[in-house]
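[1] Curious how this folds, go ahead:
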Amino acid sequence: MPHSVMVMLGGFALLAVMILLGKKEDRGMNALRFIPMWLALSIVNLVIGVWWAGYGLQEELLILLMIFGIPAAAALLTARLTRNQT
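    Numbers count the residues shown, from 1 in each chain. Down below sits the predicted model:
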């Protein structure tokens, strides 16, 4: 399995943990709290890819969009769907 897919699956796992371990009424907010944390971890992945793996910055920026964007979009959707549920 490609590294990018594993990192993205890790993002979904982190999102699930944050949503499921929180109080039911805080699930939407926990999903929103996931976004800055996931952005920081995604940037760390970018730095590792550029410095240690030898990929170009432009290559890694495209991967960053995918790795960060898809789980972040899922978090936004979760926050939106759970906004009115108690």
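[2] all strands for this structure, in order.
    Read by DSSP state E, the chain holds no strands at all.
[3] how about low-confidence regions in it?
    84-86 (pLDDT under 70).
[4] Helices of that one, start to end?
    3-21, 27-51, 57-81 (DSSP state H).
[5] Make JSON lines out of these and add mean neighbour count.
    All C-beta spots, glycine's among them, are computed from the backbone N, C-alpha and C. Listed next are the helices of the chain as JSON lines, based on neighbours: other CB atoms under 10 Å:
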{"stretch": "helix 3-21", "mean neighbour count": "15"}
{"stretch": "helix 27-51", "mean neighbour count": "17"}
{"stretch": "helix 57-81", "mean neighbour count": "16"}
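[6] Could I get the phi/psi values of Pro2?
    phi -60, psi 150 (degrees, to the nearest 10).
[7] residues near it, how many?
    Pro2 has 8 neighbouring residues, counting by other CB atoms under 10 Å.
[8] Please report how far it lies from Pro36.
    Taking CB to CB, to the nearest Å as the measure, Pro2 falls 25 Å from Pro36.
[9] got it, and Gly49?
    As judged by CB to CB, Gly49 and Pro36 stand 20 Å apart.
[10] and what of Leu14?
    From Leu14 to Pro36 the distance is 12 Å (CB to CB).
[11] same deal with Leu76?
    13 Å.
[12] do Gly10 as well
    For Gly10, the distance to Pro36 equals 16 Å [CB to CB].
[13] for Ala79, same thing?
    13 Å.
[14] Is it correct that Trp38 is in contact with Ala73?
    No - checked against CB atoms under 8 Å, the pair Trp38 and Ala73 is beyond contact range at 11.0 Å.
[15] list the contacts for the closest residue to Glu59 other than its chain neighbours?
    Setting aside the residues directly before and after it, Glu59 is nearest to Gly49 in space (CB to CB, 6 or more residues apart in numbering), at 7.8 Å. The contact partners of Gly49, taken as CB atoms under 8 Å, 6 or more residues apart in numbering, are 55, 59-60, 63.
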